[in-house]
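A.B. asks: Quick one, fold the following:
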Amino acid sequence: MKQRTPDPLTGVTPRPLDGSWHPVTVAEMKAYVAIVLVLGVYRVRSYRDFWQRSQTHTHPLGNAAAGSRRRVRWRRVWGPAHQDRNHTELSWIPNYNTFSTSLSRRRFTSIKRYLHVSDSDLTLADSEWYQKLEPRLNSSIRKRSQELAVPATNTSVDEMMVRFFGRSKHTVRVPKKPIKEGFKIFAICQRGYTYNWLYCSRKTGIAELPPHPTLAPTQAAVRHLALSLPYEDYDFNIYMDNLFTTVSLLLELRDRGIGGTGTTWSNAFPRHLRCLDATAEWNTVSGGATADGKVLGLEWQDQKTVQMLTTLHPLSKKIKRNRKQPRWTSTSGAAIRRHFSSARMEVDIPPAIDDYNHFKGGVDIADQYREACFTQQTSCRNWLPLFYWLLDITIINGFLLAFSKLSTTTTRSGRKKLPITHKNFRLETALQLVEQIQQGIRQKQQQGRTRTAKHSRQKDHLCYSKTFTVTEVPTTCTHNSSIVKAEKRKECVDCRFSDRQLGLKSVLPNGKRKRATYGSFACTLCSLSFCKKCAAKYKY
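C.D. replies: Predicted structure coming up:
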């Protein structure tokens, strides 16, 4: 390894790496992904703790509660010492030895440090920052997600957030979101299945989005995602929130044969349809069509006034739904509670509101699956969170495909129940990856043993020394006068071949190896050694 020189500007010598790097193999990448999946289910403070064989736990209430200033040893365990999500008890990783021995901690650290998808020497512009995931990963996962499944009629478009607090000009900060800062992604999902997505940057805007003459970039992103659906062969309805919904967007989708429904801001709602205010009676419905008669504007008075735009639902119909009585502390709760005769009551609500409540959360379901077992590892490289996000949605899409293929059972509430949960699906996937590695190793070992055994059966020569072999048994020797007394004793070749011809074993019944017969006679022409007994057969 070359000697590291100090930086001429700072004078700081870089730290040496953890050993020399050698190219990664397919088996090592499978083991790396498997361990990342396991760490997503069983989270530890640091990934290095996954290989920690023993750990001393302190008293859960601290040293003061233990009654001593010294560090009190609470329990010593053998295995991966970590706590579950609620930090209440010690959990054990199933098949821990299988996972931990598939890849060492040092190799895992090296792969994590040097992992890259695109060419490491590639120089990208600011508008191509997402190309770090191309061409092998992002496009391939998007293509396979669209090939393996066709979404149902009712889909949703919303934004996702990928957590990242490092330095990047492309991250977005949204204080009111559960994830305060990170990368924003616009995605179209159906019950958690991510069908297509677009990356969004704070500096360069939405990536891979062609400009539209009449729509803003946010609405153009919805149009772009909707047109990726096979809308020419199937019917689709898009549900969205007030960030996207405008009259011009719904008209654009309607011209393509795609329905649209969503809440909207008051400034995007048609002025001539604004009728309700804060003093309106609860469960009052008002609205009408736009000037061209193609979009319906709807106002519904709930705890607040809800304004919606739709191209799917009528205004006159209503549907009965069981609603829960609001609390006294909720907004306008005291005014609404007087309409309820019990804790729950059947209420007539517009169909647009009912469908919006049922189908709007497709992206939120994907976020819930991802947040439960996310695989993201701490890193300073700003594209790695997107790599782990792609890994998460790949696992989630695979689980949902299994949900549709596997036989399900129905609970009392009418919900479908799979024989495997999302958590167990991730663990089973990781276990299968490691078993593929072990199976490949066993096959190579078996092939090696077969070749060795086959070679030994076909072996028709005897290795007499390191540089000399005998191919036939020397029953006679024509060089009788060439046998002389040698200076160094060697194994008698005649005794060795005679034992082999008679089928004598080289190991005695007591388990000890049979002692070889050595002699001090040798032939100067054929370089064979003989003992005194065998040399007497020849005239020397």
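A.B. asks: ok, which stretches of the stretch 151-300 of the chain are helices?
C.D. replies: For the stretch 151-300 of the chain, applying DSSP state H, counting those that start in this stretch gives helices covering 217-227, 247-255.
A.B. asks: would you turn those helices into CSV with mean pLDDT?
C.D. replies: Shown next, in CSV, are these (pLDDT from 0 to 100):
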stretch, mean pLDDT
helix 217-227, 95
helix 247-255, 95
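A.B. asks: I'd like those helices laid out as TSV, including distance to Ile437 and mean neighbour count.
C.D. replies: No exception for glycine: its C-beta is placed from N, CA and C like everyone else's. Output for the helices of the stretch 151-300 of the chain, formatted as TSV (distance: least, Cβ to Cβ, whole Å; neighbours: other Cβ atoms under 10 Å):
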stretch	distance to Ile437	mean neighbour count
helix 217-227	38	20
helix 247-255	47	19
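A.B. asks: Among those helices, which comes closest to Gly398?
C.D. replies: helix 217-227 (21.3 Å; Cβ to Cβ).
A.B. asks: related to what we said a few turns ago, I'd like the helices of the stretch 151-300 of the chain laid out as JSON lines, including distance to Pro350.
C.D. replies: JSON lines is the format used below for the helices of the stretch 151-300 of the chain (distance: least, Cβ to Cβ, whole Å):
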{"stretch": "helix 217-227", "distance to Pro350": "23"}
{"stretch": "helix 247-255", "distance to Pro350": "17"}
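A.B. asks: between those helices, which one is nearest to Ile483?
C.D. replies: The closest of the helices of the stretch 151-300 of the chain to Ile483 is helix 217-227. By Cβ to Cβ, the value is 93.2 Å.
A.B. asks: Can you tell me which helices and strands that closest one packs against?
C.D. replies: strand 154-163, strand 181-190, strand 193-201, strand 205-206, strand 237-240, helix 247-255 (3 or more Cβ pairs under 8 Å, 6 or more residues apart in numbering; DSSP states H and E).
A.B. asks: mind running it again at 10 Å?
C.D. replies: With contacts taken as 3 or more Cβ pairs under 10 Å, 6 or more residues apart in numbering; DSSP states H and E, helix 217-227 sits against strand 154-163, strand 181-190, strand 193-201, strand 205-206, strand 237-240, helix 247-255, strand 259-263.
A.B. asks: Tell me which of the ones you listed lies nearest to Ser404.
C.D. replies: Across those, Ser404 has its closest neighbour in strand 193-201 (9.2 Å, Cβ to Cβ).
A.B. asks: Just the angle for the closest one relative to strand 181-190, thanks.
C.D. replies: Angle, strand 193-201 to strand 181-190, by axes from the mean of the first three to the mean of the last three Cα atoms, to 10 degrees: 150 degrees.
A.B. asks: before we move on, back to that, and Arg337, which of the helices of the stretch 151-300 of the chain is closest to it?
C.D. replies: Here helix 247-255 is closest among those (Cβ to Cβ), at 35.4 Å.
A.B. asks: got the CA positions of the closest one in PDB?
C.D. replies: Extracted C-alpha coordinates of helix 247-255, given in PDB (Å, rounded to 0.1, in the frame of the first residue of the first chain):
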ATOM      1  CA  VAL A 247     -59.300  22.500 -12.700                       C
ATOM      2  CA  SER A 248     -56.800  22.600 -15.500                       C
ATOM      3  CA  LEU A 249     -55.200  19.300 -14.300                       C
ATOM      4  CA  LEU A 250     -58.500  17.500 -14.100                       C
ATOM      5  CA  LEU A 251     -59.400  18.700 -17.600                       C
ATOM      6  CA  GLU A 252     -56.100  17.400 -18.900                       C
ATOM      7  CA  LEU A 253     -56.700  14.000 -17.300                       C
ATOM      8  CA  ARG A 254     -60.300  13.900 -18.500                       C
ATOM      9  CA  ASP A 255     -59.100  14.400 -22.100                       C
END
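A.B. asks: Can you list the neighbours in contact with that helix?
C.D. replies: Residues from elsewhere that reach helix 247-255, judged by Cβ atoms under 10 Å, 6 or more residues apart in numbering: 212, 214-216, 218-220, 222-223, 226-227, 231, 236-238, 240, 244, 246, 258-262, 264, 268-270, 290-292, 294-297, 309-312.
A.B. asks: so how far is that helix off the chain centroid?
C.D. replies: 37 Å (Cα atoms, centre = their mean, to the nearest Å).
A.B. asks: What of stretch 432-441?
C.D. replies: 17 Å.
A.B. asks: again with stretch 422-438
C.D. replies: With Cα atoms, centre = their mean, you get 11 Å for stretch 422-438.
A.B. asks: Select the longest helix from this structure.
C.D. replies: Ranked by residue count and defined by DSSP state H, the top helix of the chain is helix 422-457.
A.B. asks: Need the mean per-residue confidence for that helix.
C.D. replies: What helix 422-457 shows for mean pLDDT is 76.
A.B. asks: And stretch 495-514, by the same measure?
C.D. replies: Across stretch 495-514, pLDDT averages out at 56.
A.B. asks: Quick check: phi and psi at the spatially most central residue of the chain.
C.D. replies: By Cα atoms, centre = their mean, the chain has its centre lying nearest to Leu391, at 3.7 Å. Per-residue torsions, Leu391: phi -60, psi -40 (degrees, to the nearest 10).
A.B. asks: got it, and Ile111?
C.D. replies: Backbone torsions for Ile111, taken as degrees, to the nearest 10, come to phi -60, psi -40.
A.B. asks: Now do the closest residue to it other than its chain neighbours, the pLDDT please.
C.D. replies: Closest residue to Ile111 apart from its sequence neighbours, by Cβ to Cβ, 6 or more residues apart in numbering: Tyr32 at 5.0 Å. pLDDT for Tyr32: 94.
A.B. asks: Which positions within the stretch of helix or strand Tyr32 belongs to qualify as buried?
C.D. replies: Assigning secondary structure by DSSP states H and E places Tyr32 in helix 26-41. For helix 26-41, a neighbour-count test (16 or more other Cβ atoms under 10 Å) marks 27-28, 30-41 as buried.
A.B. asks: Pull it out as PDB, backbone CA atoms only.
C.D. replies: Extracted C-alpha coordinates of helix 26-41, given in PDB (Å, rounded to 0.1, in the frame of the first residue of the first chain):
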ATOM      1  CA  VAL A  26     -22.200 -11.600  -6.300                       C
ATOM      2  CA  ALA A  27     -22.200 -13.700  -3.200                       C
ATOM      3  CA  GLU A  28     -20.900 -10.800  -1.000                       C
ATOM      4  CA  MET A  29     -23.500  -8.400  -2.400                       C
ATOM      5  CA  LYS A  30     -26.200 -10.900  -1.600                       C
ATOM      6  CA  ALA A  31     -24.900 -11.200   1.900                       C
ATOM      7  CA  TYR A  32     -24.700  -7.400   2.200                       C
ATOM      8  CA  VAL A  33     -28.300  -6.900   1.200                       C
ATOM      9  CA  ALA A  34     -29.400  -9.700   3.500                       C
ATOM     10  CA  ILE A  35     -27.700  -8.200   6.500                       C
ATOM     11  CA  VAL A  36     -29.200  -4.700   5.600                       C
ATOM     12  CA  LEU A  37     -32.700  -6.300   5.500                       C
ATOM     13  CA  VAL A  38     -32.100  -7.900   8.900                       C
ATOM     14  CA  LEU A  39     -30.800  -4.600  10.400                       C
ATOM     15  CA  GLY A  40     -34.000  -2.900   9.100                       C
ATOM     16  CA  VAL A  41     -36.100  -5.400  11.100                       C
END
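A.B. asks: If anything else comes up later, I'll come back, but that's it for now.
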